[in-house]
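Chemist: Just to be clear, the model below is a prediction. Sequence and coordinates:
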Amino acid sequence: QVQLVESGGGLVQAGGSLRLSCIASGLAFSRYTMGWFRQAPGKEREFVAVIRWPGGITNYANSVLGRFTISNNNAKNTVYLQMNSLKPEDTAVYYCAASSNFRGGEESEYNYWGQGTQVTVSS
């Protein structure tokens, strides 16, 4: 049974930082592309960042480029999202997802999703 469990969310002031973690179990983690998505109240879920397998190439949404960093630790089956210089518009539920057949990055390419962790940035 595959599980993705996010943690690290919380309430932070604008300009602050948070690090999200997503621990995966039940899959060959090192052979999956891992992504982070977010969904703000009343909005569609949107792509945030991805770290691809193979090669570890990373891509980011323009809205977070230069502020967020995605990384992974295969020994710990964990993917991270370091979020710096947070803005109120970053407030959302953040989800991690795993893809065994990543192509262009559509949500449909992700096989597994976590339950999400809430990030709230106050102004």
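Modeler: Alright, I've got the coordinates.
Chemist: And the residue nearest the centre of the protein?
Modeler: With distances taken as C-alpha atoms, centre = their mean, the residue of the chain nearest its centroid is Trp36 (2.2 Å).
Chemist: pLDDT wise, what is it at?
Modeler: At Trp36, the predicted lDDT confidence score is 98.
Chemist: Skipping its backbone neighbours, what lies nearest it in space?
Modeler: Counting by C-beta to C-beta, 6 or more residues apart in numbering, Trp36 lies nearest to Val48, which is 4.3 Å off, once chain neighbours are set aside. For every residue, glycine as well, the C-beta is placed using N, CA and C.
Chemist: buried set for stretch 51-70?
Modeler: Neighbour counts over stretch 51-70 (16 or more other C-beta atoms under 10 Å) mark Ile51, Arg52, Trp53, Tyr60, Val64, Phe68, Thr69, Ile70 as buried.
Chemist: what's the answer for stretch 11-21, then?
Modeler: By neighbour count on 16+ other C-beta under 10 Å, the buried set for stretch 11-21 is Val12, Leu18, Leu20, Ser21.
Chemist: cool, stretch 45-52 as well?
Modeler: Arg45, Phe47, Val48, Ala49, Val50, Ile51, Arg52.
Chemist: With stretch 76-93 instead?
Modeler: Within stretch 76-93, the residues that qualify as buried are Asn77, Thr78, Val79, Tyr80, Leu81, Met83, Leu86, Asp90, Thr91, Ala92, Val93, counting by 16+ other C-beta under 10 Å.
Chemist: how close does the second one sit to Met34?
Modeler: Distance from Thr78 to Met34, counting by C-beta to C-beta, to the nearest Å: 9 Å.
Chemist: Help me confirm that Thr81 comes into contact with Val50.
Modeler: Actually, residue 81 is Leu rather than Thr. No - if you go by C-beta atoms under 8 Å, Leu81 and Val50 don't touch, sitting 10.6 Å apart.
Chemist: Now list whatever residues contact both of those two.
Modeler: By the contact definition C-beta atoms under 8 Å, 6 or more residues apart in numbering, Leu81 and Val50 are jointly contacted by Trp36, Ile70.
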